[in-house]
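Enquirer: Have a look; sequence and predicted model below, questions after that.
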Amino acid sequence: MLTLDLILNLSLLVSLSIISGFIENRWSRQTRQGQLLQGLLFGLVAVIGMLRPLDLAPGLLIDGRSIMVSLCAFFFGPWAALAAVVPTTVCRIGLGGAGMIVGVLIVLSSAAIGLLAHSRFNPNSHPPSMGRLYLFGLVVHLMMLVLMFFLPESLDMLVLKNIGLPVLLFYPLATILAGKILADQTIAIRNLLELQESEDLFRSLFDDHLAVKWILDPDSGRIIDANQAAAAYYGWSQEELRRMKIQEINTLPPEEIQQQIALVKAGKKNQFEFRHRRADGSIRDVAVFSSKIMIKGRTLLHSIIHDITEQKQGEKRLREQEERYRALVDNAPIGIFTITSKGETLMMNQAMADFLECASPQQAIHYYTDIGNMLWVFPDEHLRYVKMLWEQGQVENFEFQARTLLGKPIWLDVCARMADKMEDGSFIIEGFASDITDRHKLEEQFLHAQKMESVGRLAGGVAHDFNNMLAVILGYSEIGLTKVDPASPLSLYLQEISNAGHRARQVTQQLLAFARRQAIAPKVLDLNITIEEMLKMLHRLIGEDIDLAWKPAPDLWPVKIDPSQVDQILVNLCVNARDAIADVGKITIETQNVVFDQLYCEDHLEFIPGEFVRLAVSDTGRGIDKEILNKIFEPFFTTKGLGSGTGLGLATVYGIVKQNGGFVNVYSEPGKGTSFHIYLLRNTEQQEIDGSPSEKGEILFGHGETILVVEDEAVILQLAQVILEGLGYRVLTAGTPAEALRLAEEHGSELHLLLTDVVMPGCNGKELADRLCFLHPTLKYLFMSGYTANVIAHRGILEDGVHFIQKPFSREQLAKKVREAME
């Protein structure tokens, strides 16, 4: 019978656990409401058990209330225990009988032991094991048996005898069974709570996260879920997003989208950059981070989306800026470089590579592995440059001679600074470089031109003063020759004086030609005709052992130059070539039309663009050493022996060419010969070419015409008077312009000619002539000077209509010039 009652109580416990689980699902045991409901449930079950007890004696009830109340207190705590104890106690009191007090004590002791165990072991956090449940049931029911001693003496032993052993055997087992159900339920509830917390946490992390997130079905592309940030970002609601597919948002073609999804599923890639479409139609750049997740056995993709539009735009701007800077660096007209102090080349732009005659910066970087020894012509200068950078931090306008890839020497101007220091003690050098080779050449040419100009001024000044003295020597020697018997010794002496004067005059003419102060009257010439007229004379000049070849160009352009200057050029060049040929050889004279464009002239600094006639005189002589090539046009410079030359021949050629706006180049190889190239500007004026040979005329005498001679040098004034009077002219002389004006005013009859010096104190010859023309409108004038001045000529070229005679002059020359001026 006891066993059947136990089975009945166990069935009640099973029902109890089911209902308890239902309550737990609705009202958590963590809440007071849940605890009270659980207590009432356990109390109700205990009451049901008491209503069907095992009656050992009238008023003595044996049931499962101890199990119910103790387990309720153990698993659900004090509020549940209170809710279970109250109905159970009320019911027991209501049933009455001899065992009422003990029955109430059993309820209270069971609740107390359960609460003690609840406090000590906390079954919600640490569900009890079966062993602990057994001990718990054993303690509860040992206490129940102990309380039986409080029954009347007639009943206590009866109860202990009949139920003591079954209670100790079966009630702890029932406690284990019921407790295990409750413990498993506790574990299940705890797992459910943890799962719910995890779900809530995930949901919170997913839905409330500020980052845009969604969960994607990789097979269909459908968006399973999307958080609030996704809805806010894309402009569709979460519900709308859950009905959409990724193909509606990603701008890639569907097949490419599936390829990217396949990479994520295969674990090969989890970071992507896409362009996504939003609800308003705008397209944004996004970075997508995707990973596989398993939900209910399904493989899904969890994606986090970051808007990188601003970043992309910033990268684009930065890239464009870098491209602009790179283009600026690459296309800069100056060289830009980065090197190390050890001489390694790290970077350079195209301009720098061009300076070094490299096809590309990469070629230059590959070639110049040791800047100090490979680029710098003088490595010691490189060491000084690096030392200055180390000490000062920067260097400005450091000029040095460099060597290009092809071995060509150039000059570079460098501004650089010391940048980062390296671990090995060296440092980075960043800087700019300019190719100043042309500037150096121009400076050299300028210095050379200054030197030549200074020498020219000196030579011109000497020639002017010397010409005045020569005028007296030549003039009076010629007059003397006309006064003495040609057979007398005095005539011989005078002739030697005249010959020496003429040789000295040639020297002064060469000096004036170099100084570009030689008075000239340019004419439009065909050089071929002019040169052909000189060939016989040139043959005699160079001798029979040297072959003279003449190669005229057909249809040669005309040039404008004084014919006498062409004679001077050819004579001096041919004499120079003759002296350079040791025994037998060849001299070649040739002409040619040439045209120089701007590009050609940029590589040849002395040249100017235009059309030119080239006169070339070449020889097969010993050549000119490179060391003296830049000195050959200096006056008095000669490599010939003492007494073999004045050193004025090439200086004369140089001066004549420059005076006529041309230029001269020399090409020479020692042991092979030299070639002088004279370039004269093509004449485009419509003038008849002068091809008539010069004729030597007779001395022309005057017919009593009146000539006013003005000269501040008394000896020249007296000489001119003697010569002119000897030629049959009436002569008035004045030592100053003021005196000349006075004589012109006082002279009652006509003045036919004014012969005046050009440079005089107070008033030059041109101004004097202009003033005298007011007094004598028909007055003609002839200027004389040791050298031309800008008063009557520009760069030595006489102005149109101006008559001029160069000092020193002969009696014949003066007679001819006077007649030309008056006619």
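Expert: All right, it came through fine. Because the structure is predicted, anything quoted here is derived from the model rather than measured.

Enquirer: Val524 pairs with what?
Expert: Lys560 (DSSP bridges).

Enquirer: wait, it sits on Pro558?
Expert: Yes - Val524 is within contact range of Pro558, at 5.1 Å (criterion: Cβ atoms under 8 Å). C-betas here are computed from N, CA, C, even on glycine.

Enquirer: what about the two, which has more around it?
Expert: Taking neighbours as other Cβ atoms under 10 Å, Val524 and Pro558 compare with Pro558 leading, 20 against 16.

Enquirer: Sketch out the low-pLDDT regions of the stretch 1-150 of the chain for me.
Expert: Applying pLDDT under 70 to the stretch 1-150 of the chain picks out residues 1-15, 17-18, 21-22, 25, 53-61.

Enquirer: Which stretches in it count as helices?
Expert: Using DSSP state H, counting those that start in this stretch, the helices of the stretch 1-150 of the chain run over residues 2-26, 32-51, 65-76, 78-95, 100-121, 130-147.

Enquirer: which parts of stretch 205-212 are buried?
Expert: The neighbour-count check on stretch 205-212 (16 or more other Cβ atoms under 10 Å) flags Phe206, Asp207, Val212 as buried.

Enquirer: Let me fix that, I meant to ask about stretch 732-740.
Expert: Leu732, Thr733, Ala734, Thr736, Pro737, Ala740.

Enquirer: So what touches that stretch?
Expert: The contact list for stretch 732-740 (Cβ atoms under 8 Å, 6 or more residues apart in numbering) reads 706-712, 714, 717-718, 720-721, 742-743, 747, 751, 754, 756, 760-763, 767-768, 772.

Enquirer: please redo it, this time with the cut-off set to 7 Å
Expert: Residues from elsewhere that reach stretch 732-740 (Cβ atoms under 7 Å, 6 or more residues apart in numbering): 706, 708-710, 712, 714, 717, 721, 743, 747, 760, 762-763, 768.

Enquirer: For stretch 344-354, measure first residue to last.
Expert: 19 Å (Cα to Cα, to the nearest Å).

Enquirer: list the buried ones in that stretch?
Expert: Here stretch 344-354 shows Thr345, Met348, Asn349, Gln350, Ala351, Met352, Ala353, Asp354 as buried, counting by 16+ other Cβ under 10 Å.

Enquirer: May I see these organised as CSV, with secondary structure and pLDDT added?
Expert: Formatted as CSV, the buried residues of stretch 344-354 follow (DSSP: H, G, I helix; E, B strand; the rest coil; pLDDT from 0 to 100):
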residue, secondary structure, pLDDT
Thr345, strand, 89
Met348, strand, 91
Asn349, coil, 91
Gln350, helix, 91
Ala351, helix, 91
Met352, helix, 91
Ala353, helix, 92
Asp354, helix, 91
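
Enquirer: Just put these in a markdown table and tack on distance to Gly610.
Expert: Shown next, in a markdown table, are the buried residues of stretch 344-354 (distance: Cβ to Cβ, whole Å):
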| residue | distance to Gly610 |
| --- | --- |
| Thr345 | 42 |
| Met348 | 37 |
| Asn349 | 35 |
| Gln350 | 32 |
| Ala351 | 30 |
| Met352 | 34 |
| Ala353 | 33 |
| Asp354 | 28 |
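
Enquirer: now, among the residues you listed, which is nearest to Ala651?
Expert: Nearest to Ala651 out of these is Asp354 (Cβ to Cβ; 38.9 Å).

Enquirer: How much space separates the closest one from Ser360?
Expert: Asp354 sits 10 Å away from Ser360, going by Cβ to Cβ, to the nearest Å.

Enquirer: coming back round to it: nearest to Leu375 among the buried residues of stretch 205-212?
Expert: Val212 (56.9 Å).

Enquirer: For beta bridges, what are the partners of the closest one?
Expert: Residues in beta-bridge contact with Val212 (DSSP bridges): Ile305.

Enquirer: For Gly235, give me its contacts.
Expert: Residues near Gly235 by Cβ under 7 Å, 6+ apart: Arg278, Ala279, Asp280.

Enquirer: If we ignore the residues flanking it in sequence, what's nearest the last one?
Expert: It stands for Asp280. Spatial nearest neighbour of Asp280, excluding adjacent residues (Cβ to Cβ, 6 or more residues apart in numbering): Gly235 at 5.6 Å.
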